[in-house]
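**Student:** return a 3D structure for these sequence lines:
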Amino acid sequence: MKKKILTLLLFAIMTLSLVGCNKEKNKDLDDNKTNVNEPSEIQDNLVKKLYDMVEVNFISEVYPDFASYKDSNFYMDKEVKYEDLSDESRLYYAYKTIENVERRWFKSCDELKNYTYQKEDISVTCNKSGGEIIAKDQSSEEWFFNNVNKETLEKAYHTMYGEDKKLPLKDFTMSVTGICVYSVSKDDFLCFNQTGSDSSPGHGETQYEKIEQKDDSIEIYDRYIWSNLTIDGEVYYKSRFKDEKIDSTTKDFSKGALYKHTFKKDSKGNYYWYSSERVE
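**Tutor:** Take a look at the predicted model:
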C-alpha cells in the first residue's frame, strides 16, 4: 500500500515537502504532517487534485489505427508542455481525471448508430451480437459502455489544460482496453471498454519529493523509476531515459529521475497543468 506524507514548511515562500509516498490513482495524503499556518486541509486537497492529473503510465499501441502515448507523456527526458502532447494523449489524460464514471446502458442497438469502431457502425456490431453487447443480463461482459459524453470530457479538458484550450474531436484510447470514438453527425463521444488486460512488461512508479508554491503557480517534484519485468520473472528498477542512476533489483527512489510538474493559475483562479520536466 503506497503512502503519502505531507510536511508543510513556511519560508519566504510557502514550501511543502512530501516524502515517502508512491503516486497511485485515488491516492491519499497521511495526517502525519506539520501545519504552520492552518490552511492544510484545503491545501492537501488541492495538491492531491493536481498530482492526480499527472499520469504515471502510458498506453502502448494495442489497437490498430489508435495512437500510442509512449512518446507523448509527462515523464520524458525533456520539458513537456501542452503543445508537445498529441491530441489523443491530451484527451486520454483529461479523461483520466473524470471521477466516478458510471456504466451507461442502452435500450436498443439503434442508439449506437453513427459511432464507428474497426470500420463498422457499432449499431451493426450490436445487431450482429443479437443485442448482447448492450444486454444487462449477459454473462460475459465483453462491452462496457461508460457514461461520458462530449460535455463531460470538455469540462475535464478545461480543468486539465485551462479554459482557453479547444477540445480535439478525435477517437482515442482512454485505458488499456478502453476506447472513445467521436461521431461527427452526433457531435458526441461514445466511450467503452472491452475485455482484456495490460500485458506490458513494465510500469512507472513515483514518490513525492517536495512542493513549492509561488504567486501564480505550484510546482510538484517527484522521483520516477521504471519497473521492468524480465522474462525470468525478475524485476529491475531504472529510469527510462539517459543519465540513468539506478539499474538494480532494489527499489530506491532516491536514485530515480527527479521531475518537476508545474501548475499555473488561470484568470478564474483555478490551477491547470502547464508543464512537466526532468530536472535531474
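
**Student:** so how far is residue 103 from residue 136?
**Tutor:** Distance of residue 136 to residue 103, given as C-beta to C-beta, to the nearest Å: 9 Å. No exception for glycine: its C-beta is placed from N, CA and C like everyone else's.

**Student:** name the helices or strands packed onto the helix ranked longest in the chain?
**Tutor:** Using DSSP state H, we find that the single longest helix of the chain is helix 40-53. If you count contacts as 3 or more C-beta pairs under 8 Å, 6 or more residues apart in numbering; DSSP states H and E, helix 40-53 packs onto strand 5-10, strand 14-19, strand 217-229, strand 257-265, strand 271-278.

**Student:** give me that answer again for 10 Å
**Tutor:** Under the contact criterion of 3 or more C-beta pairs under 10 Å, 6 or more residues apart in numbering; DSSP states H and E, helix 40-53 touches strand 5-10, strand 14-19, helix 87-96, helix 150-161, strand 202-213, strand 217-229, strand 257-265, strand 271-278.

**Student:** that older thread, so for residue 136 and residue 103, which residue has more residues nearby?
**Tutor:** Taking other C-beta atoms under 10 Å, residue 136 and residue 103 do not tie; residue 103 has more neighbours (12 against 8).

**Student:** what's across from that one in the sheet?
**Tutor:** residue 146 (DSSP bridges).

**Student:** also residue 248?
**Tutor:** On the basis of DSSP bridges, residue 248 is bridged to residue 237.

**Student:** count of residues packed around it?
**Tutor:** 11.

**Student:** compute the number of surrounding residues for residue 252.
**Tutor:** Residue 252 has 12 nearby residues by other C-beta under 10 Å.

**Student:** quick check: it touching residue 225?
**Tutor:** Yes - Residue 252 lies in contact with residue 225 (C-beta atoms under 10 Å); the separation is 7.8 Å.

**Student:** tell me if residue 58 really is in a strand.
**Tutor:** No - Residue 58 is assigned coil when assessed by DSSP: H, G, I helix; E, B strand; the rest coil, not a strand.
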